[in-house]
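Peer 1: Okay, structure incoming, though there's no sequence with it:
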């Protein structure tokens with residue numbers, strides 16, 4: 001049931017991303033105007049960006065999180081306070097993969113931190129991830145941990 005909830009949580013992000021990205025070459029391969037720059041986000045530098053308030057559910061033990069989930073939590077906290085520590089910035093958010101929306105979310109957030117004047121599209125995606133996708137993901141994760 002919880003795995004199903006995690007999958008359902010990714011559907012709106014996938015739909016919003018496809019809508020904002022606009023161009024695709026194949027149904028399973030998004031290669032539009034947003035997707036292409038995400039591939040090189042780990043090479044960008046940190047700039048001060050506009051903070052986006054978000055309320056993440058407290059996970060009782062961060063050791064229960066996978067590396068990509070912990071990265072999402074920490075990058076959301078960085079976006080909330082508009083400060084990204086260097087050790088977090090140096091982490092590679094993982095390979096861009098259509099089936100791994102968590103990695104795409106991590107890359108979008110990292111890409112946003114590297115752009116002082118984000119485009120409206122990037123800001124829309126970042127706001128959705130920080131205010132909807134990430135908090136819901138951690139609520140589902142917390143429910144999974146409690147039910148084990």
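Peer 2: Thanks, I have the structure now. Only a predicted model underlies this, so the values are computations on that prediction, with no experimental measurement involved. Residues are numbered from 1 along each chain as shown.
Peer 1: how about the helices in the protein?
Peer 2: 2-21, 35-38, 67-81, 86-89, 101-113, 120-128, 134-147 (DSSP state H).
Peer 1: on contacts alone, who are the packing partners of the first one?
Peer 2: Under the contact criterion of 3 or more CB pairs under 8 Å, 6 or more residues apart in numbering; DSSP states H and E, helix 2-21 touches strand 29-30, helix 101-113, helix 120-128, helix 134-147. Using the backbone N, CA and C atoms, a C-beta is placed for each residue, glycine as well.
Peer 1: Residue ranges in this structure under the pLDDT threshold?
Peer 2: Scanning the chain with the threshold set as pLDDT under 70 gives 1-4, 7, 23-32, 47-48, 59-60, 94-99, 144-148.
Peer 1: Can you pull up the most central residue in this structure?
Peer 2: Nearest residue to the geometric centre of the chain (CA atoms, centre = their mean): residue 105, 2.4 Å.
Peer 1: Quickly note the distance from the nearest residue to that residue once chain neighbours are set aside to residue 91.
Peer 2: Closest residue to residue 105 apart from its sequence neighbours, by CB to CB, 6 or more residues apart in numbering: residue 129 at 4.8 Å. From residue 129 over to residue 91 the distance is 17 Å, taken as CB to CB, to the nearest Å.
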